[in-house]
Each structure stands twice: as C-alpha cells, then as structure tokens.
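S.K.: got a sequence here, can you model it:
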Amino acid sequence: MISLKGLYETHLAVSNLDRSIDFYRDVVGLELAHVIPERNVAFFWVAGRETSMLGLWSIHSSPLRNRLHIAFQTSLEQLLKSSDYLRSKDITPRDGAGSEIEEPIIFPWMPAASVYFDDPDGHSLEYIALLPDQPRRDIAGTLTFSKWKQIAAGQS
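M.R.: Numbering: from 1, shown residues only. Alright, predicted model coming up:
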C-alpha cells in the first residue's frame, strides 16, 4: 500500500478562464503558479507549493468533462514504488495524457513527480511527490524521471 501525506491538488472546469484566474487570484487570494495558454489551463498554489494546488481548465479544453481528478501527495520513495504497486492490483500506471508509463513523469515547472491511474468509474487519480530541485520553467511539457535525474546531475 502507498502511504499518503494528504490531498495535494484538485481541478475544476471553468466557463471563462480569464475571469476565473482573476477571481481565484484577486478574491480568493491564491498565488498564480503557472498558465499554459495553448491548453487553456491555469494552476494556483494554495498556501504555497508544499501545501496544495488548484488547476482551472477552460470548459472547452478540459479533459475533465465527465470525470474528476484528484492527486494524493506522497513521498518520492513511495511514488517510485507506485507503478509496481498499481500493476499488482491490475491497474495501469499512466501519464497525464493517459499513456501507459514505466516510470514516473516529471513536471519541471513545479517540479514534481507523478503517476496517474484511473478509478473504477474512470476518474483520474494521481500520486504526486514534490521534488526538492529548483523549478525549471524553461523545460516545456513533462520528462521521465530518468531524464530529470540526468538533467539534475548536469548531464542533459
């Protein structure tokens, strides 16, 4: 079993992304962490990077139309065991786009390591571990954990 630290993130589909960014930043008081314009998505830190995150997706680009997404925070040690654990339960570990993976993926802009999987109703679940490295907003998309380790070691 994977030991959890807590619920790390949730995502909402919104009808007007710009209006929602203004609302969550200016009314709720969340820190805008990252916007991906081509995907019509914005991410906010909730009480800092170490605590939790909120993702807002334009209803027109949201992969969440008929399913929800929940991310459970865990340690990197536990995350590295999660693919084998999930397979032992006949569950396929995936990346955020739904492709099967052999190792965790890395979001360099955070940075965080993740493994996604589906619940029986098709909801997207995720194990996520924050990494101690500096954010790399200059690296677009995601990387494998192996590639991230090479970059972190200066072996790009």
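S.K.: now do the top strand by length along the chain: which elements does it pack against?
M.R.: Longest strand in the chain by number of residues (criterion: DSSP state E): strand 4-14. In terms of contact count using 3 or more Cβ pairs under 8 Å, 6 or more residues apart in numbering; DSSP states H and E, strand 4-14 is assigned the packing partners strand 52-58, strand 69-74, strand 124-130. C-beta coordinates here come from the backbone N, C-alpha and C atoms, glycine included.
S.K.: how about 6 Å then?
M.R.: Counting contacts by 3 or more Cβ pairs under 6 Å, 6 or more residues apart in numbering; DSSP states H and E, strand 4-14 packs against strand 52-58, strand 69-74.
S.K.: turn these into a markdown table, including mean pLDDT.
M.R.: A markdown table is the format used below for the helices and strands packed on strand 4-14 (pLDDT from 0 to 100):
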| stretch | mean pLDDT |
| --- | --- |
| strand 52-58 | 91 |
| strand 69-74 | 88 |
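S.K.: got any ranges where the chain has weak pLDDT?
M.R.: Low-confidence regions of the chain, defined here as pLDDT under 70, cover residues 61-66, 121, 155-156.
S.K.: can you give me the strands in it?
M.R.: For the chain, the strands identified by DSSP E occupy 4-14, 31-36, 41-46, 52-58, 69-74, 105-107, 112-118, 124-130, 143-144, in order along the chain.
S.K.: of all the ones you listed, which lies closest to residue 92?
M.R.: Relative to residue 92, the nearest member of the strands of the chain by Cβ to Cβ is strand 112-118, separated by 6.7 Å.
S.K.: about what we covered before: so which of the helices and strands packed on strand 4-14 comes closest to residue 115?
M.R.: Between residue 115 and the helices and strands packed on strand 4-14, the shortest separation by Cβ to Cβ is 9.4 Å, and it involves strand 69-74.
S.K.: so what secondary structure elements neighbour the closest one?
M.R.: Contacts of strand 69-74 with other secondary structure elements, assessed using 3+ Cβ pairs under 6 Å, 6+ apart, are made with strand 4-14, strand 124-130.
S.K.: list of residues touching it?
M.R.: Residues from elsewhere that reach strand 69-74, judged by Cβ atoms under 6 Å, 6 or more residues apart in numbering: 2, 4-6, 8-9, 11, 124-129.
S.K.: what subset of those is buried?
M.R.: Applying a neighbour-count criterion of 16 or more other Cβ atoms under 10 Å, the buried members of the contacts of strand 69-74 are 8, 9, 11, 124, 125, 126, 127, 128, 129.
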